[in-house]
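Enquirer: Can you look at this prediction? I've put the sequence above it.
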Amino acid sequence: MKNLVILGAGTAGTTVANLLRKKLPNDWSLKIIDPDSEHLFQPDLIFVPFDMQEPDKTYRPRKNTLGRGVEWIERKVERVEPDNNRVVLADGESVPYDLLVIATGSHIRPDETPGLLGDEWHKSIFDFYTLEGAVALREALARFDGGRIAVNIVEMPIKCPVAPLEITFLAESFFNLKGMKNDIELTYVTPLDGAFTKPIASKALSDMLVDRGIKVESEFSTAEVDPERKVLRSYDEREVPYDLLITIPTHMGAELVEASGLGDELGFVPTHKNTLIADAKDNIFVLGDATNLATSKAGSVAHFQAEVVVENILHAIRGESPKACFDGHANCFIESGYGRAMLIDFNYDQEPLPGVYPLPQVGPFSLLRESKFNHWGKLMFRHVYWHALLPGRPIPVPNNMSLMGKEIPVADTELAS
Amino acid sequence: MPAVEYAGQTIEVNEEGFLVDSNQWTPEIAEELAQEVGIADLSEQHWKVITFCREDAAKQGQPPGLRRISKLSGVNMKDLYRLFPKGPGKLAAKVSGLPKPQGCI
């Protein structure tokens, strides 16, 4: 009997397990290791602070998300021993593997920034990347009677790079609709030189921030937070005052990655950008937020990568070289408040452009422009996630990015022809 | 792609002024790139960072991000901001003749 072991049962690991369970040859066993009993639908976390989603509807029992044929080991992993082809659990027991999939995600590390964790944590300083943080923020926003709100990205990369924009747009809409627009001063504090990492989308999103009266403090690299004086301080000694701070702390890979000697300086696993095989060992596949790849850390990426990993695992089992190729494809809805949303679709080489998606002219989604239909699509995606994506059922969007329906700037077209 | 003259050589750069081919880089070009981004003189500490960035990029196949520089070059974050004001990750890569770091996606 041969063993395929998956570490982490989030979006990436669960999708791979459910896609593989019917395709693995009979002499292979399929195990997935994750200590948490619930599966959290992370996109819901931006809605919780604004009472747009009930906290207890954001997660489901993990056992219901894994199909028949997948053995779930509900235990914590201590480390991987890549040279011995085995996983060592926290209780000392070991699990051997022939092929390993690392899907252990990224995790916020407020402990990396002086001043974040302390008496003010979840009192005047909030994260929204955990359910506890999102719930604490909901209570704080409900009783907030005016003042300065800062949304601060400590450093890149982060999970879902558009989430800080979404929380900012939703906060502006939330207070404006409460009739408190004049009582609030919102500042978007980012280490980037604009609202987003890619030029065309960054321009569109920066314009939206300005139009809504949101201040942008760019190229701000956060050194520390002074919770007494309530200021953010950068390495070049600028200060941004706040009354309520929404922080997006440093993200790092799982601790077990570092303990296994497989991580880079942030604990992300160096991975081949197309085959998704770990640089360190060719019987280890890596996907989702756990990789060091230059694409978004987002559920859509995990989904597109899952198809590639499964195909390349089947090639590896047959003794063939990896043939499936990941192109960096990501797509993300960007909730923009007032019941509207935007959508962006991009890959390693192509930045997000305006247009329609997925079908040319037809859409029905609009790219890089706000629409109510996009918002509706974002809400519908909840259903798609639980009932199609996680169980590994086909979803009608192409796995590789397509330029169809996108409006290519004239200069680019000339270069291409 | 625009071409610019640095240290008597014609060098191809991208829209943001990063060298297209890092093999064309020389220490003399670094001096001129530095002046362009507002660094009048390259000190010993600047060179420590530049040398690290070039060596690391050659080994890793991509330019190091800011955190990697601060962790491995022996120059801490505060000093990096003093040496390369505003955007040390981006500026160190530029002066070192490397592409813009892709860490920020």
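Expert: It's in.

Enquirer: make it CA atoms for all contacts and neighbour counts henceforth
Expert: Noted.

Enquirer: Spell out which parts of chain A neighbour chain B.
Expert: Applying C-alpha under 8 Å from any C-alpha of the partner chain, we find that chain A lies next to chain B at A:156-157, A:161, A:192, A:197-198, A:219-220, A:235-236, A:265, A:294-296.

Enquirer: ranges for the strands of chain B?
Expert: In order along the chain, chain B carries the following strands (DSSP state E): B:3-6, B:9-12.

Enquirer: Let me have the ones you listed in a markdown table, adding distance to chain A as columns.
Expert: Written out in a markdown table, the entries for those read as follows (distance: least, C-alpha to the nearest C-alpha, whole Å):
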| stretch | distance to chain A |
| --- | --- |
| strand B:3-6 | 16 |
| strand B:9-12 | 16 |
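
Enquirer: So which residues make contact with stretch B:35-45?
Expert: Applying C-alpha atoms under 8 Å, 6 or more residues apart in numbering or on different chains, the set of residues contacting stretch B:35-45 from outside is B:E31, B:A34, B:V75, B:L83, B:F84, B:L91.

Enquirer: re earlier: reformat the strands of chain B as CSV; add distance to A:P114 and mean neighbour count.
Expert: Formatted as CSV, the entries for the strands of chain B read as follows, by distance: least, C-alpha to C-alpha, whole Å; neighbours: other C-alpha atoms under 10 Å in any protein chain shown:
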stretch, distance to A:P114, mean neighbour count
strand B:3-6, 42, 14
strand B:9-12, 42, 14
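
Enquirer: Adding distance to A:H272 and mean pLDDT, write the ones you listed out as JSON lines.
Expert: Compiled in JSON lines, the strands of chain B are given as follows (distance: least, C-alpha to C-alpha, whole Å; pLDDT from 0 to 100):
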{"stretch": "strand B:3-6", "distance to A:H272": "32", "mean pLDDT": "88"}
{"stretch": "strand B:9-12", "distance to A:H272": "28", "mean pLDDT": "91"}
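
Enquirer: Adding distance to A:G253 as columns, could you present these in TSV?
Expert: As requested, those are arranged in TSV below (distance: least, C-alpha to C-alpha, whole Å):
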stretch	distance to A:G253
strand B:3-6	40
strand B:9-12	37
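
Enquirer: closest one to A:V87 among those?
Expert: Among these, the nearest to A:V87 by C-alpha to C-alpha is strand B:9-12 (48.6 Å).

Enquirer: Direction included, what does that closest one pair up with?
Expert: Paired strands of strand B:9-12, with direction, are strand B:3-6 (antiparallel) (DSSP bridges).

Enquirer: where along chain A do the helices fall?
Expert: With DSSP state H applied, chain A shows helices at A:11-20, A:131-143, A:163-177, A:199-211, A:255-259, A:299-317, A:372-384, A:410-416, listed in chain order.

Enquirer: Check which residues of the fifth one are buried.
Expert: Along helix A:255-259, these residues count as buried under the neighbour rule (16 or more other C-alpha atoms under 10 Å in any protein chain shown): A:E255, A:L256, A:V257, A:E258.

Enquirer: Can you get me a residue count around B:E44?
Expert: Look at B:E44: counted by other C-alpha atoms under 10 Å in any protein chain shown, it has 9 neighbours.

Enquirer: ignore the last one, A:P25
Expert: Using other C-alpha under 10 Å, the number of residues around A:P25 comes to 13.

Enquirer: What residues does it make contact with?
Expert: For A:P25, the contact set (C-alpha under 8 Å, 6+ apart) is empty.

Enquirer: That one and A:K2: what is the separation?
Expert: Counting by C-alpha to C-alpha, to the nearest Å, the separation of A:P25 from A:K2 is 10 Å.

Enquirer: joint contacts of these two?
Expert: Looking at what touches both A:P25 and A:K2 (by C-alpha under 8 Å, 6+ apart), there is no common residue.

Enquirer: Where does pLDDT dip in the chain?
Expert: You didn't say which chain, so I picked chain A. Scanning chain A for pLDDT under 70 picks out A:410-417.

Enquirer: try chain B instead
Expert: If you take pLDDT under 70 as the line, chain B has these spans: B:1, B:103-105.
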